[in-house]
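just the structure for this:
(chains A and B)
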Amino acid sequence: MSVLVVIECANGEVKKSSLEAASYGSKVASTLGTTATAVAIGDVQANALTSLGEQGITKVLLDNDSRLTNFVGAAYVKVIAAAAQQENSSVIIASNSNIGAAIGSRLAVQLGASLATNVVAYPEISGSSFKVRRGVFSGKAFSDVELTSDKKIILVKKNAVDVETSAGATANVENFSASLTDADFAAAPKETIKQSGDILLTEADLVVSGGRGLKGPENWHLIEDLAKALGAATACSKPVADVGWRPHHEHVGQTGITVSPNLYIAVGISGAIQHLAGVNSSKVIVVINKDPEAPFFKAADYGIVGDATEVVPKLIEAAKALDK
Amino acid sequence: MKFLVCISNVPDTTTKITFSGDGKEFNTAGVQFVINPYDEYALTRAIELKEALGGTVTVLNVGEADTEPNIRKALAIGADDAIRVNIKPTDAFLVSTQIAHYAKEGGYDLILMGRESIDYNGFQVHGMVGELLGIPTIAPAMKLDINGTTATVEREIEGGKEIIEASLPLVVSAQQPMTEPRIPNMRGIMTARTKPLQVVEAVGQEAKTQVQGYQLPPAKSGVKMIDAENAGDLIKLLRNEAKVL
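All right, here's what the predicted structure looks like:
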């Protein structure tokens, strides 16, 4: 029995969400009296993986097949399945990402495992009971779910747990081969288009988001400038994406992206229930709106009543004056 | 070409979610149920492809009789016929088993659904159905075109998108901006009444998870207002008080 953590990597580095998954996996392993092994996928070399020891990982398996640099569903599933078999893993932890879900759902069928996605807290384990809390109703509620199969796969929501670090600890990186064949790469993407812009919304700790209160795309630079001054990602409300001021992948809300950053600044967004669903697991919410009756203020930690074009430049100035 | 579109029945996006006193049940009283918004993208795209390429669109719902108004709505939007698998959809594996069984029986070329339901938020069923049928799943897709027996799909990945070409049969899950969902017109509503809706029994009852109860997120303790004139103070509070900068 062991715990296996799926580590997603990009540009030679472990993604932050995977450091969270590693912390989660180590804690579950120690509760179960076993060790946590990781299996790394994506664009990475061994030297970037030893520091996973700081998150309590003892061993990292790395398949050096160069075809694995980009995500290919069938091949990735085979790598994780081979690692799980080699390590006799009973619990598999991954990040609740598009890649994690693509792997988790297929692996759950192959292994006959219980799968819990969108998990927001450490599990409650007692005797044979294994319970997790997950986000449901698109951010409006949580549910406690018993995972009834012997094997369990848990996908941890981003920013739901802290990255635990014990400085200096190292993990052993072992080469490992899942013996992939060309057939495993048959559905490889023809083309991969990387998003422009600096900070990924789904990975961001700080988010600045704009709504129709900005009046028009000509004022969008206010959102971008504030985000830049803070080192934040940008996002928008559904109406802004619907009218085409911003692309749909920036739309935060019930039918868009659900975010859970440390800080969410909403500028000119009134706070429809569908939008709140997408942001209410943010740690701190700031609302800037010229309408003092905007429902978003009820869900906020800090608020400013005022016009975006007057308030935001003051924030940009103050943010630039902060010592980094 | 035979399209199968899986739809689920979910509370309208404006619903205020509440639970029974013991937290065991979702209160459905007064709640308006709709076709899951992500499934509407899948449904409309399937109808558009059928109109361009010929074929049939079958909708499938795993649910009890109370889901039928929304199945009829899908028929009014333009699906040709419908299947309802008569079981409460309590678990993703249970639902996937039903879909895979009836999908295999019908020999569909393309199985479409939304990326996730807005109530359970599982994001699991498309992958499970693909694995059960032994065919690829592409999720979540923002664009879908068919040329002969090849589908070209634009899939969202963290930090970008991929263009994938894959042979049918295939499972694809949809999200915006795949297409603009359609609203049923009067003719559609009239013809939907006579389109076939077949109710079938569930195959197997195996579930792998069990919901024990629900909680609402903790309420915010109250908002601290800052005067617009001194807006810059907010940044100081975020650093020194909230400690998020």
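
nearest to chain A: which residue in chain B?
B:Gly127 (2.6 Å; C-beta to the nearest C-beta). Where C-beta positions appear, they are placed from N, C-alpha and C, glycine not excepted.

secondary structure element for that residue?
helix B:125-133 (DSSP states H and E).

about what we covered before: need the contact list for the closest residue to the residue of chain B closest to chain A other than its chain neighbours.
Setting aside the residues directly before and after it, B:Gly127 is nearest to A:Ser105 in space (C-beta to C-beta, 6 or more residues apart in numbering or on different chains), at 2.6 Å. By C-beta atoms under 8 Å, 6 or more residues apart in numbering or on different chains, the contact set of A:Ser105 is A:115, B:92, B:123-128, B:131, B:137.

try A:Leu107
A:Leu107 touches A:77, A:80-81, A:84, A:92, A:113, A:153, counting by C-beta under 8 Å, 6+ apart.

biggest helix in chain B, by residue count?
The longest helix of chain B (DSSP state H) is helix B:37-53.

chain center to it, what's the gap?
Remark: helix B:37-53 is offset 13 Å from the chain centroid, using C-alpha atoms, centre = their mean, to the nearest Å.

stretch A:244-260 too?
Stretch A:244-260 sits 15 Å away from the centroid of its parent chain (C-alpha atoms, centre = their mean).

what distance separates the start and the end of that stretch?
24 Å (C-alpha to C-alpha, to the nearest Å).

please apply the same query to stretch A:154-166.
End-to-end distance of stretch A:154-166: 23 Å, with C-alpha to C-alpha as the criterion.

same check on stretch B:128-147?
End-to-end for stretch B:128-147, by C-alpha to C-alpha: 26 Å.

for chain A, give me the ranges with low pLDDT.
A:195-198, A:324 (pLDDT under 70).

which parts of it are helices?
A:16-32, A:73-86, A:98-111, A:221-230, A:238-242, A:273-279, A:308-321.

thinking again about what came up before, contacting residues for the residue of chain B closest to chain A?
With C-beta under 8 Å, 6+ apart, B:Gly127 has these contacts: A:101-102, A:104-106, A:109, B:137, B:139.

coming back round to it: of the contacts of A:Leu107, which pair is most distant in space?
Greatest spacing in these, by C-beta to C-beta: A:Val77 and A:Ala113 (12.8 Å).

the more surrounded of the two?
Higher neighbour count among A:Val77 and A:Ala113: A:Ala113, with 24 against 21, using other C-beta atoms under 10 Å in any protein chain shown.

is it true that the more buried one touches A:Thr148?
No: A:Ala113 lies out of contact with A:Thr148 (C-beta atoms under 8 Å); the separation is 10.3 Å.

shared neighbours, these two?
Common neighbours of A:Ala113 and A:Thr148, using C-beta under 8 Å, 6+ apart, are B:Lys208.

tell me what B:Glu156 is bridged to.
Taking DSSP bridges, one obtains B:Lys161 as the residues bridged to B:Glu156.

and it, what pLDDT?
B:Glu156 carries a pLDDT value of 85.

how much space between the residue of the stretch 51-200 of chain A found nearest chain B and A:Ile153?
Proximity to chain B, evaluated over the stretch 51-200 of chain A using C-beta to the nearest C-beta, is greatest for A:Ser105 at 2.6 Å. For A:Ser105, the distance to A:Ile153 equals 9 Å [C-beta to C-beta, to the nearest Å].

which neighbours do the two share?
Common neighbours of A:Ser105 and A:Ile153 (C-beta under 8 Å, 6+ apart) are A:Leu115.

list the buried ones in the helix or strand of chain B with the lowest mean pLDDT?
Scoring the helices and strands of chain B by mean pLDDT, DSSP states H and E places strand B:160-167 at the bottom, with a mean of 89. Applying a neighbour-count criterion of 16 or more other C-beta atoms under 10 Å in any protein chain shown, one finds B:161-162, B:164, B:166 buried in strand B:160-167.

now those residues as JSON lines including distance to B:Lys208?
Shown next, in JSON lines, are the buried residues of strand B:160-167 (distance: C-beta to C-beta, whole Å):
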{"residue": "B:Lys161", "distance to B:Lys208": "31"}
{"residue": "B:Glu162", "distance to B:Lys208": "29"}
{"residue": "B:Ile164", "distance to B:Lys208": "29"}
{"residue": "B:Ala166", "distance to B:Lys208": "28"}
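
out of those residues, who's nearest A:Val5?
A:Val5 lies nearest to B:Glu162 out of these, by C-beta to C-beta, at 24.4 Å.

ok, now which ones touch the closest residue to that closest one other than its chain neighbours?
Spatial nearest neighbour of B:Glu162, chain neighbours left out: A:Pro189 (3.7 Å); criterion: C-beta to C-beta, 6+ apart. Counting by C-beta under 8 Å, 6+ apart, A:Pro189 makes contact with A:70-72, B:155, B:162-164.

nice, that's everything, thank you.
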